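[1] Here's my sequence, what's the structure:
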Amino acid sequence: MAPAGGTLPWRRWLRFETIALAILLAYPFLPVLDWGIEAATGQAVRIDRQLVNVFIFGLLALALNVQVGYAGLLQLGVAAFFAIGAMTTGVVTVEKYPFQVGLWGALLLAPVAAGAAGLLLGAPTLRLRGDYLAIVTLGFGEVMRVVLLNLENITDGPRGLNPIPEPWLPPALREQLGGAGGASEGQLRTMYYLALGCLVAAVVCFRLLEQSRAGRRFVALREDALAAACMGLDPARIKLAAFAGGAALAGAAGCLYATNLTTTAEPNTYDFNYSIMVLCCLIIGGLGSLRGALLGALLLLGFDNVASPLLTRLVQQAIGGESSHVMASFSNWRWIVFGVALVLMMRWRPEGLWPSSRVREELHESSGGPA
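    Numbering: from 1, shown residues only. Reported below is the predicted structural model:
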């Protein structure tokens, strides 16, 4: 039983999140999981390199959570805003163009460009509901991919814009980050801490948003748009704010993604699969839940980037070396695994693995609720 005032849950979550953040901050210098996997399997891995992708896609999951989880807008084109952020980063940083503002300038311009695209798409379409809005955003994602592919004079088409310069840091700080590993290690740790810092900042902002009047407006709109309008709220304006805000954050994630790759990658990279993967993160973790979105990103991206390659090597070792059979690569099973996970989630735990307290109360799963 919680003590009077209800302070125990807050202290519990604060302690958990503080410990998790401390572990992540120390991990590049103390990669105990890397050592354990190498000792157990004989295969060297770099978990911190994969965690950068987890942080970036966690940021993208938070962006989609604003639109789908908070405002109840079924958005299937988040990969388009992700791509806009990445391409904007390429345009304003590569040597081909005269801007060359570096990562720190790109981190300001990429969200602006993606947010503006969100406004342009949302203004005429957000009066649509449910499946109709989903179809429009799905179509926008596919159209944007083809447009970026055909604008070869700007995006270099299938080659992508490269090389994107690494983030500028004072030489002393870069040398300290690199340590004995040299420049490459310093670049990896720079991206690691940059992506982690952006993710932590986004979590803090969304936590404050949930407790603000604007956050309660999002929830009211999601629960019942007609009742929200009768209470004097403007559903169109709230939807547009959620749509543009989520698009801007997706653009920031795209900026980090392109910088981490040192290239924008070809536009076909940002296809419908990315949008579905991020939506799966929310469904598995819990719609409308900050912790759920991060947990979903950790599980799916961790499986895709860490567990899947490791299992592939173990399978190939078990069958006696490389095999050309398609099922010998565990990576080819990932969509089957994702599909089975979604079916099981929808059947046994539709609220997600880590739902928000509001959802738990609605489903009578809180500790004090009825059975």
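
[2] residue boundaries of the helices in the stretch 101-250 of the chain?
    With DSSP state H, counting those that start in this stretch as the criterion, the stretch 101-250 of the chain has helices at 102-125, 130-150, 152-155, 171-178, 182-210, 213-223, 225-230, 235-261.

[3] in the fourth one, what's buried?
    Taking 16 or more other Cβ atoms under 10 Å as the basis for neighbour counts, the residues of helix 171-178 that come out buried are 174, 177-178. Quick note: C-beta positions are derived from backbone N, CA and C, even for glycine.

[4] Then the fifth one?
    Within helix 182-210, the residues scored as buried using 16+ other Cβ under 10 Å are 186-196, 198-199, 202-203, 206, 209-210.

[5] now the closest residue in space to L169 that isn't next to it in sequence: how far from S212?
    Spatially, and ignoring its direct neighbours in sequence, L169 is nearest to T190 (6.0 Å; Cβ to Cβ, 6 or more residues apart in numbering). Distance of T190 to S212, computed by Cβ to Cβ, to the nearest Å: 33 Å.

[6] swap in L221?
    Taken as Cβ to Cβ, the span from L221 to S212 is 14 Å.

[7] quick one, which of the two is more surrounded?
    L221 (23 against 11; other Cβ atoms under 10 Å).

[8] Unless I'm misreading it, that one sits right up against A241, doesn't it?
    No. If you go by Cβ atoms under 8 Å, L221 and A241 don't touch, sitting 10.1 Å apart.

[9] count of neighbours near L261?
    17.

[10] just to revisit the earlier point, and of the buried residues of helix 171-178, the nearest to T264?
    R174 (23.8 Å; Cβ to Cβ).

[11] Quick one: residues contacting the nearest residue to that closest one once chain neighbours are set aside.
    The shortest distance from R174 to any non-neighbouring residue, by Cβ to Cβ, 6+ apart, is to G186 (4.8 Å). Listed by Cβ atoms under 8 Å, 6 or more residues apart in numbering, the contact set of G186 reads 174-175, 177-179.

[12] what ranges of the stretch 151-300 of the chain fall below the confidence cut-off?
    179-183 (pLDDT under 70).

[13] mind running it again at 80?
    169-184, 186 (pLDDT under 80).

[14] Provide the backbone phi and psi angles at T263.
    Here is the backbone geometry of T263 (degrees, to the nearest 10): phi -160, psi 150.

[15] so what's the closest residue in space to it that isn't next to it in sequence up against?
    The shortest distance from T263 to any residue other than its chain neighbours is 3.6 Å, reached at N162 (Cβ to Cβ, 6+ apart). Applying Cβ under 8 Å, 6+ apart to N162 gives the contacts 90, 94, 262-264.

[16] Which element, helix or strand, includes the residue nearest to E351 when sequence neighbours are not counted?
    Counting by Cβ to Cβ, 6+ apart, E351 lies nearest to V359, which is 4.9 Å off, once chain neighbours are set aside. Element membership for V359, per DSSP states H and E: helix 357-362.

[17] Return the residue spatially closest to Y274, with its sequence-adjacent residues excluded.
    A79 is the one closest to Y274 (Cβ to Cβ, 6+ apart), at 3.9 Å.

[18] isn't the one you found right up against F272?
    Yes. The pair A79 / F272 is scored as a contact, 6.9 Å apart, by Cβ under 8 Å.

[19] shared neighbours of those two, anything?
    Both A79 and F272 are contacted by G141, under the criterion Cβ under 8 Å, 6+ apart.

[20] ok, those two, which is more surrounded?
    A79 (26 against 15).

[21] Which residues are in contact with that one?
    Counted by Cβ under 8 Å, 6+ apart, A79 has contacts 141, 145, 270-275, 278.

[22] Likewise for A258?
    With Cβ under 8 Å, 6+ apart, A258 has these contacts: 85-87, 89-90, 164, 264-265.

[23] swap the cut-off to 7 Å and go again
    With contact taken as Cβ atoms under 7 Å, 6 or more residues apart in numbering, A258 is in contact with 86, 89-90, 164, 264.

[24] Thank you, goodbye.
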